[in-house]
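Participant: predicted model and sequence below, questions to follow.
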Amino acid sequence: MTDDTIKERIRTFLFKHIKDNELSNDENLFASGLLNSLFAMQLVMFTEKEFQVKVENEDLDLKNFSTINAIDEFVRRKL
């Protein structure tokens, strides 16, 4: 899976839930107010299902899910 493939799949999911099409890969999704903590679990479930990875309790840290780049790096570590 290429860098762009993972990031594009993440973007596609996020854009179903947010309206900001100008979202950069390093923009903090939670600090910017685009997403809230309730959405974090949806993001975790998406990551597990979409990329067939297991998110362990120790992985449940917002730093793993705060930006598109962070999610991409997390998925790559898990694959």
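Facilitator: Now that the structure is in, tell me what you want to look at. Residues are numbered from 1 along each chain as shown.
Participant: going by C-alpha atoms from here, please, whenever you check contacts or count neighbours.
Facilitator: Will do.
Participant: check what pLDDT the residue nearest the centre of the chain gets.
Facilitator: A centroid search over the chain (C-alpha atoms, centre = their mean) returns Ile71, at 4.2 Å, as the residue closest to the centre. You'll see Ile71 listed with a pLDDT of 98.
Participant: chain center to stretch 72-79, what's the gap?
Facilitator: Once both centres are worked out by C-alpha atoms, centre = their mean, to the nearest Å, stretch 72-79 turns out to sit 11 Å from its chain's centre.
Participant: Asn21 versus Asp15, what's the distance?
Facilitator: Residue 15: Phe, not Asp. Taking C-alpha to C-alpha, to the nearest Å as the criterion, Phe15 is separated from Asn21 by 7 Å.
Participant: okay, the two: which has more neighbours?
Facilitator: Remark: of Phe15 and Asn21, Phe15 carries more neighbours, 12 against 9, as counted by other C-alpha atoms under 10 Å.
Participant: wait, isn't that one in contact with Glu22?
Facilitator: No. The pair Phe15 and Glu22 does not pass the contact test of C-alpha atoms under 8 Å, sitting 10.2 Å apart.
Participant: in this protein, which helix is the longest?
Facilitator: Of all the elements of type helix in the chain, the one with the most residues (DSSP state H) is helix 37-51.
Participant: okay, now the unreliable bits of this protein?
Facilitator: Under the criterion pLDDT under 70, the flagged ranges of the chain are 1-3, 20.
Participant: go with 80
Facilitator: 1-4, 19-21 (pLDDT under 80).
Participant: residue ranges for the helices of this structure, please.
Facilitator: According to DSSP H, the helices that the chain contains are 3-15, 37-51, 68-78.
Participant: just name the most buried of those helices.
Facilitator: Of all those, helix 68-78 carries the top mean neighbour count, a mean of 18, counting by mean count of other C-alpha atoms under 10 Å.
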